[in-house]
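Q: Predicted model follows, preceded by the sequence.
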Amino acid sequence: MQAAKSTGGFEYVEAISRNGVAGASNRLATIGLGLSRKVSAKIQRRYTQCRRFAMKSLARAIYAVPPFSPRNPRRNVVRFAEVCPRLEAFPERGNSDLKDWLIQVRPPQVLHRIPSVGLNQQDLGKFEEAVSRYQFSHDFEIPEVFLACLQKAKICSPEFLVLTADNRILFESALSNPDVLERNGILDTVIRTHARRMPGDYCLLTSPWSPAYYYHWLLDALPRLSVLEQFDSLKSVPLVVPESLTGFQRDSLALAGIPPDRLAGFGGNCWKVDRLFFPQLLSPTGNPAPMAVSWLRNRFQSSMVAEPTVRKRLYVSRRDAPKRRVLNEDAVIDFLLGRGFEIVCPGNLSFSEQIALFSQAGIVVGPHGAGMTNMVFAPADATLIEFFGDSYINGCYWALTNLRGQTHAFLTAPTPTMDYEVSLDDLRMLLKKLGVT
């Protein structure tokens, strides 16, 4: 029996032709389970939204009463510079007069970034709009980098937010992003979580989003070590990291020379420590810093292939991802295989294997996603071609390739969701425009 084309994701007739009735039943059961999970996720999201709305309404009602107004978290968000006196050098250990302080590690720095390569002005306009939103345009000043010290500080929530001893929220610990605070719920807190007492000194390594995402771990969190390493007094101070480390997090820390016994796993509740050392992120997330890129390449140089004789052509798949997938990926792969490309799924490789692979890359193609973070290890003359659905465009890898002197190009595809089909004609024209045969 000839297999009918699937429609709407339900491949019932095709399943019968391939596997018989039993196979079709299994397929339908899988589809049913998938739909059940989607419904459950939708219910969970709705519940979370309703709960946040209720908590926000309650908090605003309580903090509108004058005796409670001073305790309103929204009135107690501060920057480190507002609560920490500036010092010129790391204070001596025995100086008991000092409380909170900060030291500048690197002054502000201006980045000049060149445009990406697109097929037409309409696409370039979409990309420029995204760059203006997430990367703050082509010329951008990275704020200063500092090291701060807080006495009796608190680390709270899965976002690793930092509070002073008198419960003021440090804005920089939320990536200087109001949305992080809003989504966390800390601004609508009425009854504070009990803080677990953790004696001793700690250095905060993790930042919001870095516990779960490869990009934010590698380019936001891990390079904070480059700040801490400038101070001999901090060489053995425990590092606060997620309690449950992923494989790439464990591997990267080990390759960076951090012994396991120096790691302090934070479970996402609330700690109160004697002293917390806070290294500011080297740059706002989505805008990698030159200091971060050079530190990563120097620290992991031993895993890179020096001067590869043949440059690899890589297609980076997101088959294992829940969103931003290429719906016609089989056709894209067939097209690229005929042009000498290898198909890779970075999530199936160890951290050191990813470094070695991308250090040999000449051209990398694929949908926007975490695997492109490895362009930090690619040669300076490499080229990155990103696919975007026009519902979400982000220039974070454009910013990264600019720092490496690499070429960045992109294609967009119309889509009402996060998944999309790539036009093979557009891909052919873009490769020709870049001189790729």
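A: Yep, that arrived. Numbers count the residues shown, from 1 in each chain.

Q: so where's the stretch 251-400 of the chain uncertain?
A: Scanning the stretch 251-400 of the chain for pLDDT under 70 picks out nothing.

Q: As a check, name the ranges of all strands in it.
A: For the stretch 251-400 of the chain, the strands defined by DSSP state E, counting those that start in this stretch occupy 263-266, 270-279, 312-316, 341-344, 361-367, 383-389.

Q: average pLDDT for the helix or strand where residue 40 lies?
A: Using DSSP states H and E, residue 40 sits in helix 12-63. For helix 12-63, the mean pLDDT works out to 61.

Q: that older thread, could I get the strands of the stretch 251-400 of the chain as TSV with distance to residue 133?
A: Quick note: C-beta positions are derived from backbone N, CA and C, even for glycine. Below are those laid out as TSV (distance: least, C-beta to C-beta, whole Å):
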stretch	distance to residue 133
strand 263-266	31
strand 270-279	27
strand 312-316	24
strand 341-344	30
strand 361-367	20
strand 383-389	14
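
Q: between these, which one is nearest to residue 138?
A: Closest to residue 138 of those is strand 383-389 (C-beta to C-beta; 17.3 Å).

Q: what's that closest one in contact with?
A: By C-beta atoms under 8 Å, 6 or more residues apart in numbering, the residues outside strand 383-389 that reach it are 324, 326, 362-368, 372, 375, 378, 397-398, 401, 406-415, 417-420, 422, 427, 430-431, 434, 436.

Q: Just the buried subset of the residues you listed, please.
A: For the contacts of strand 383-389, a burial check counting by 16 or more other C-beta atoms under 10 Å picks out 324, 326, 362-368, 372, 375, 378, 397-398, 401, 406-413, 415, 419-420, 422, 427, 430-431, 436.

Q: Inside helices: which ones of these?
A: Judged by DSSP state H, helices contain the following of the buried ones among the contacts of strand 383-389: 397, 398, 401, 427, 430, 431.

Q: residue contacts, the last one?
A: Okay, so that is residue 431. Per C-beta under 8 Å, 6+ apart, neighbours of residue 431: 339, 385, 437.

Q: closest to residue 90 out of the strands of the stretch 251-400 of the chain?
A: Using C-beta to C-beta, these put strand 270-279 closest to residue 90, at 10.0 Å.

Q: gap between the closest one and the chain center?
A: With C-alpha atoms, centre = their mean, to the nearest Å as the basis, strand 270-279 stands 23 Å off its chain's centre.

Q: List the contacts of the next helix or strand along the chain from the helix holding residue 40.
A: Scanning forward in sequence from helix 12-63 by DSSP H and E, the next helix or strand is strand 77-78. Contacts with strand 77-78, where a contact means C-beta under 8 Å, 6+ apart, come from 164, 168, 169, 170, 171, 181, 187.

Q: ditto for stretch 332-340
A: Applying C-beta under 8 Å, 6+ apart, the contact partners of stretch 332-340 are 313, 315, 317, 326, 341, 343, 365, 422, 424, 427-428, 431, 436-437.

Q: buried set for that stretch?
A: Residues of stretch 332-340 classed as buried by neighbour count (16+ other C-beta under 10 Å): 332, 333, 335, 336.

Q: How much space separates the first one from residue 431?
A: For residue 332, the distance to residue 431 under the criterion C-beta to C-beta, to the nearest Å works out to 12 Å.

Q: Among the strands of the stretch 251-400 of the chain, which comes closest to residue 117?
A: For residue 117, the closest of the strands of the stretch 251-400 of the chain is strand 383-389, at 8.6 Å, according to C-beta to C-beta.

Q: Pairing partners for the closest one, with directions?
A: strand 361-367 (parallel), strand 407-413 (parallel) (DSSP bridges).

Q: what mean pLDDT does the last one have?
A: So the one you mean is strand 407-413. Across strand 407-413, pLDDT averages out at 97.

Q: now do stretch 89-107
A: Mean predicted confidence for stretch 89-107 is 84.

Q: what's the span of that stretch from first residue to last?
A: 15 Å (C-alpha to C-alpha, to the nearest Å).

Q: Go through it and flag the buried ones.
A: The neighbour-count check on stretch 89-107 (16+ other C-beta under 10 Å) flags 100, 101, 102, 103, 105, 106 as buried.

Q: What are the buried residues along stretch 274-289?
A: For stretch 274-289, by 16+ other C-beta under 10 Å, it's 275-289.

Q: Which one of the strands of the stretch 251-400 of the chain lies nearest to residue 146?
A: Nearest of the strands of the stretch 251-400 of the chain to residue 146, taken as C-beta to C-beta: strand 270-279 at 8.0 Å.

Q: in its sheet, what does the closest one sit against?
A: Applying DSSP bridges to the sheet, strand 270-279 is found paired with strand 145-151 (antiparallel), strand 154-156 (antiparallel), strand 196-204 (parallel).
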